[in-house]
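Peer 1: Show me the folded form of this:
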Amino acid sequence: MTVAEYDLGKARDKPRLIRRLRRVRGAVVVSFAIMGLALVMALFGQWLVPQDPAAQDLTAALAPPSGAHWLGTDELGRDVFSRLIAGSRTAFFAPLVVAGGAMLFGNVLGLLAGYRGGIIDAFIMRLADLLMAVPGLLIIIVVAGTIGGGFWTAVILLMALMVPFDARVVRGATLEQVPRPYVEAARTLGVPNRRIMFLHIWPNISAVVVANTCIGYAGALVGLSGLSFLGIGVTPGSPDWGQMLSDGQASLFENPIATLAPGAAVVLIGVAMNIIGDWGYDRISGRGGER
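Peer 2: Residues are numbered from 1 along each chain as shown. Sure thing, here's the model as predicted:
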């Protein structure tokens, strides 16, 4: 192929590439808008709800969407739209605690295992293998049901079970960085190992960390919603999206929006966070610079 033919092929592909990048930009903008809306509802939901989320009106039970009730009512006559907004607080912040805590502990363990190697690496990875081998949902159900503690017990248990996955990802990225010249140069200059790990290696694997944390956030949201659906860690009748899914399944055909709305909210936030994670990985790693 000549240079002219190569340039002509690139010129033909450019409009298609531009259209693809525009679609990607649109998806990222929509994803940030969804997360921004969720954050606003989580922070200011108590002032945004049009009605009391706990108020019951049995005469208006299972009412369809209307001007008085934008998403209708549930089997107890509670306003679904108000409960959806009220439930956004735990739906937004609880996965943030899970993903943030798993990132913190998983990053430390992964850096130690990948950088130090030897017996430290073997111990951390075998412990991770053990935790990854146990059925996480069953462990949470048994432990939360035995010791109690409510919603935040489920949050802490889920965070502990997610740490091994973060540690493995960070360890793999660290192993790829350790043989590089900048690490060898830092060692030669006598830079402390702690400084090399956290101030030299970690910034170079931060793209992987960001993407993995966003995936962890989406997984934690789905996991906590599933636990709430099963009645683990939530008070009966509380405005929790998973609990709303469980309560609404019996009246799915009378007012389907009461069940579909919280389910759609979980899906939208989960997808949006995954898209943001992919965008963040491209930006930090330099792959998205031309966008």
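Peer 1: Please enumerate residues in contact with stretch 241-251?
Peer 2: 62, 74-75, 80, 83-84, 87-88, 91, 224-231, 234, 236-237, 255, 258-259, 261-263, 265-266 (CB atoms under 8 Å, 6 or more residues apart in numbering). Using the backbone N, CA and C atoms, a C-beta is placed for each residue, glycine as well.
Peer 1: tell me the centre residue of the protein?
Peer 2: Residue closest to the average C-alpha location in the chain (CA atoms, centre = their mean): Tyr217, at 1.5 Å.
Peer 1: where's that one relative to Ile119, distance?
Peer 2: 33 Å (CB to CB, to the nearest Å).
Peer 1: now swap in Gly36 and tell me
Peer 2: Taking CB to CB, one finds Gly36 at 46 Å from Ile119.
Peer 1: What of Tyr182?
Peer 2: Counting by CB to CB, the gap from Tyr182 to Ile119 is 26 Å.
Peer 1: Give me the neighbour count for Gly231.
Peer 2: 14 (other CB atoms under 10 Å).
Peer 1: which non-adjacent residue is nearest it?
Peer 2: Ser246 (6.9 Å; CB to CB, 6 or more residues apart in numbering).
Peer 1: what ranges do the helices span in this structure?
Peer 2: 3-48, 80-86, 88-116, 118-133, 136-147, 151-177, 181-188, 193-195, 202-204, 206-229, 241-248, 257-285 (DSSP state H).
Peer 1: angle of the third one against helix 257-285?
Peer 2: Here helix 88-116 runs at an angle of 30 degrees relative to helix 257-285 (axes from the mean of the first three to the mean of the last three CA atoms, to 10 degrees).
Peer 1: what does the model give Leu111 for pLDDT?
Peer 2: Leu111 carries a pLDDT value of 95.
Peer 1: is it possible to export the helices of the chain to a markdown table including distance to Gln56?
Peer 2: A markdown table is the format used below for the helices of the chain (distance: least, CB to CB, whole Å):
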| stretch | distance to Gln56 |
| --- | --- |
| helix 3-48 | 19 |
| helix 80-86 | 11 |
| helix 88-116 | 21 |
| helix 118-133 | 42 |
| helix 136-147 | 28 |
| helix 151-177 | 22 |
| helix 181-188 | 62 |
| helix 193-195 | 57 |
| helix 202-204 | 51 |
| helix 206-229 | 20 |
| helix 241-248 | 13 |
| helix 257-285 | 14 |
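Peer 1: Ala68: which of the ones you listed is closest?
Peer 2: For Ala68, the closest of the helices of the chain is helix 80-86, at 10.2 Å, according to CB to CB.
Peer 1: returning to what we had before: neighbour-wise, which of Tyr182 and Ile119 wins?
Peer 2: Using other CB under 10 Å, the more surrounded residue of Tyr182 and Ile119 is Tyr182, with 12 against 8.
Peer 1: And the residue lying closest to the more buried one once chain neighbours are set aside, how far from Met103?
Peer 2: In space, and not counting its chain neighbours, Tyr182 is closest to His200: 6.5 Å by CB to CB, 6+ apart. Look at His200 and Met103: by CB to CB, they are 19 Å apart.
Peer 1: Over to Ala207?
Peer 2: For Ala207 relative to Met103 (CB to CB), the value is 13 Å.
Peer 1: the more surrounded of those two?
Peer 2: Comparing Ala207 with Met103 by other CB under 10 Å, the one with more neighbours is Met103, at 23 against 19.
Peer 1: Is the more buried one in contact with Gly216, as I believe?
Peer 2: Yes: under the criterion of CB atoms under 8 Å, Met103 makes contact with Gly216 at 6.9 Å.
Peer 1: The residue lying closest to Gln177 once chain neighbours are set aside: what's it in contact with?
Peer 2: For Gln177, ignoring the flanking residues on the chain, the nearest one in space by CB to CB, 6+ apart is Ile201 at 5.0 Å. With contact taken as CB under 8 Å, 6+ apart, Ile201 is in contact with 111, 115, 174, 177-178, 183.
Peer 1: circling back: selecting buried members of the contacts of stretch 241-251 in ChimeraX, what would you type?
Peer 2: In ChimeraX, a selection of the buried entries from the contacts of stretch 241-251 looks like this (16 or more other CB atoms under 10 Å):
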select :62,74,75,80,83,84,87,88,91,224,225,227,228,229,234,255,258,259,261,262,263,265,266
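Peer 1: rewinding a little: tell me the pLDDT at the residue nearest to Gly231?
Peer 2: For Ser246, the predicted pLDDT is 86.
Peer 1: Count the residues that sit near it.
Peer 2: Neighbour tally, Ser246, other CB under 10 Å: 19.
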